[in-house]
Structures are given as structure tokens and as C-alpha cells.
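Enquirer: the sequence isn't on hand, but the structure is:
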DNA sequence: GCGAAATTGAATTTCAATTTCAATTATTAA
DNA sequence: TTAATAATTGAAATTGAAATTCAATTTCGC
């Protein structure tokens, strides 16, 4: 929390930008949730909590947070841009449940190694990658079982 | 070519839909390109070639082709929906060049195996996945070298 | 305090995706 | 063949999220 704020302040300073109450608030609320929210969802969350900050400001601040390395854009199947924490939150992939929408963050160094080997084979210089596995999570599988889903 | 057309005809028949000249044309042009085109790009291609088919029809036909298992939606970084061939074109991942936009289609059974193992660990039932590696392709790396790109 | 620069947020614009709807075309039943 | 029925088309309109505009406001440096 504190650390992210420091990074943000430093980032803003370098760019001759200002840490405003709105930006501070948006960062706080953003950091407090571990979900992957869209601009609109974060905007609604902030409005509910108390503050009255415009959607444009939320939008712009999230972009700033990305530029500062604190947030990161992701898309999880639906066609909306979502934002996740980046700082202190190293690279990972997602197992996305197509029933409940929840996701599991995973890393597998062996997969990453094979990916790099694959790139090498094509003399392709990898910069970043995105792996999403869509399926049914443990919890939803249990529900299907209980309900005797004939398709499962 | 012929095969895809047969599949499409059969698909349409089952759904009580019709094979119109427009749909036939769209399928032909779609199959002739190996790129991953957006609706608009395919629409422009068709217009250039000769025909005068509306964008709505291209859009709807591509959706039909997806439903028929002939086409498949993909997104490659930019935020547009693109369509690739699906029939006779088994699952694969993409190495996407961030310089020239070209992509390489790849498969690595070992990666897939590790993915399945990973899912098992979380009791997650995988249905499909999407792996995209963004980086610089061989050709573009050569260009950077030639130009003495100090950042490369 | 003053002026320059940055910020805000409501409203607007953008842009691709999608839908509407009236006109057209094809199919079916009589 | 014709009339009724159903599907198709495409121009135009709509949608919805992303991004921008701009006048009003706030903040900063002096």
C-alpha cells in the first residue's frame, strides 16, 4: 500500500504531475480490491464508498497507474479491459472459470521455459505473453455433480 | 475449400438457413486469405475484389461460419475481433510480432501437457486455452540489427 | 496574490460490434 | 402460377466501452 503510493508519487513527480485527492483515493480503492475490475466497476465502487469522482478521472488514473507499473491491463474472456495489481505481483497466468467467472492465478516455470525454447526455435524474441485457460473450477464442478448435470 | 463449403451448406440446411450468393462469396474470400482479418478488413477485401456486399452481411456470415466450425474468433493484442480458419486447422497458439504485426502459428504438445497437469493440480477442468507470446520476429530482429537500433 | 500549468468531470466523441427495419429474394403450399 | 410465408440483405441506427474535449477549478511556483 504505502509502497505503491510512494511509487506513484515518484512517478508523478518525474512527469510533473500532481498527486490529487482523487488520484489518491482511486489508488487506495484500487489496491484494496483483489478483483480484476473494469473502469466502470471501480468507478461504481468508489461512488458507493463515499467519494464523488468522475469516470473520466478513474479512467485516466488507471492509465497512469499502468504507466507507473502499479496496475496492468488484462482481459479475461469478456471483451472488457480489466485492471489488476502489478507491483509486487509478478507475472502469472489465469485459469478462468466459465461458470462463475472467478479465476485462479498460476505460474509454472516449466511452461515458461518451454515457451522460451519454442520462441528460440523460431528465432522469435519474446517480450511478454498471455496464457489463459478457460474451464470449470473445482467449486463449479462440485455444483454440477450435486445437480447431476447430464452434460458434465 | 470444397469441404468447407459442404460443411457450411450442411450447417445452413440443418438450421433452415439459405446459401445465398453473398454467403458463398464471403466464404470464398475468407478461405482464400490466411490472414486474421477483422470484419471490416474482410468487407473491404470483398468490395475491392468486385462484389457489393454490406458490412452487416459480412458480419453475420462470419458469425455463421464460427457457429459452423469453419471460422474462429481470435484477438491478437489490438482490441479488435479477428477471424481465422478453423476447419482443418487444429488448435494452435500464436507468436505475435509487435513490430510488424505478423504472427506465427505454433503448437507444442509438451506445453499443452504441462497445462493440463497444472489444471489438474487445481482440480480445474480445462476446456480451451489461449496462449499468445508477444515479441519480435526473426525478420524484424534482422532489420533492427541492420539499422543499429540502440534499444535492441 | 498572481499567473502558468495541471486537473477535473460532465458531456461528447469515437469506433467497432451489433441490431433494426423496410425492401428484396427465395421457399413452400395451394 | 400465385399467394402466403420465411429468410436475407444492407443502409442506417444503436449500443457500449474507451477515449477525448473543454470550461471550470485547483494547485504550484514565484
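Expert: Okay, I see it. Everything numeric in this text was worked out from a predicted model, so none of it was measured.

Enquirer: near DNA strand C, which residues of chain A?
Expert: Neighbours of DNA strand C within chain A, by CB under 7 Å from any atom of the strand: A:12, A:16-18, A:20-23, A:52-57, A:60-61. Quick note: C-beta positions are derived from backbone N, CA and C, even for glycine.

Enquirer: pull the most distant pair out of the residues you listed.
Expert: Within these, two members stand farthest from each other by CB to CB: A:16 and A:52, at 26.6 Å.

Enquirer: next, count neighbours for residue A:66.
Expert: 14 (other CB atoms under 10 Å in any protein chain shown).

Enquirer: now it: how far from residue B:68?
Expert: Relative to residue B:68, residue A:66 is positioned 39 Å away (criterion: CB to CB, to the nearest Å).

Enquirer: cool, and residue A:51?
Expert: Taking CB to CB, one finds residue A:51 at 50 Å from residue B:68.

Enquirer: residue A:140 now?
Expert: Applying CB to CB to residue A:140 and residue B:68 gives a distance of 29 Å.

Enquirer: report the distance from the lengthiest strand in chain A to the chain centre.
Expert: In chain A, assigned by DSSP state E, the strand with the most residues is strand A:125-136. The chain centre lies 14 Å from the centre of strand A:125-136; the measure is CA atoms, centre = their mean, to the nearest Å.

Enquirer: now do that strand: which elements does it pack against?
Expert: On a contact count with 3 or more CB pairs under 8 Å, 6 or more residues apart in numbering or on different chains; DSSP states H and E, strand A:125-136 meets strand A:93-97, helix A:109-121, helix B:109-121, strand B:125-136.

Enquirer: where do the strands sit along chain A?
Expert: Under DSSP E, chain A gives strands at A:71-74, A:82-85, A:93-97, A:103-106, A:125-136.

Enquirer: could you dump those strands to CSV with distance to residue B:131 and mean pLDDT?
Expert: Formatted as CSV, the strands of chain A follow (distance: least, CB to CB, whole Å; pLDDT from 0 to 100):
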stretch, distance to residue B:131, mean pLDDT
strand A:71-74, 15, 94
strand A:82-85, 18, 95
strand A:93-97, 9, 93
strand A:103-106, 13, 93
strand A:125-136, 5, 94
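
Enquirer: among those strands, which is nearest residue A:119?
Expert: strand A:125-136 (4.5 Å).

Enquirer: which positions within the closest one qualify as buried?
Expert: By neighbour count on 16 or more other CB atoms under 10 Å in any protein chain shown, the buried set for strand A:125-136 is A:125-126, A:129-136.

Enquirer: need the contact partners of the one helix or strand in chain A whose mean pLDDT sits lowest.
Expert: None of the helices or strands of chain A scores lower by mean pLDDT, DSSP states H and E than helix A:138-146, at a mean of 84. Applying CB atoms under 8 Å, 6 or more residues apart in numbering or on different chains, the external contacts of helix A:138-146 come out as A:97, A:99-100, A:102, A:136, A:152, B:122-125.

Enquirer: out of these, the closest to residue A:28 would be?
Expert: Nearest member of the contacts of helix A:138-146 to residue A:28, counting by CB to CB, is residue A:102, at 24.0 Å.

Enquirer: right, I'll leave it there.
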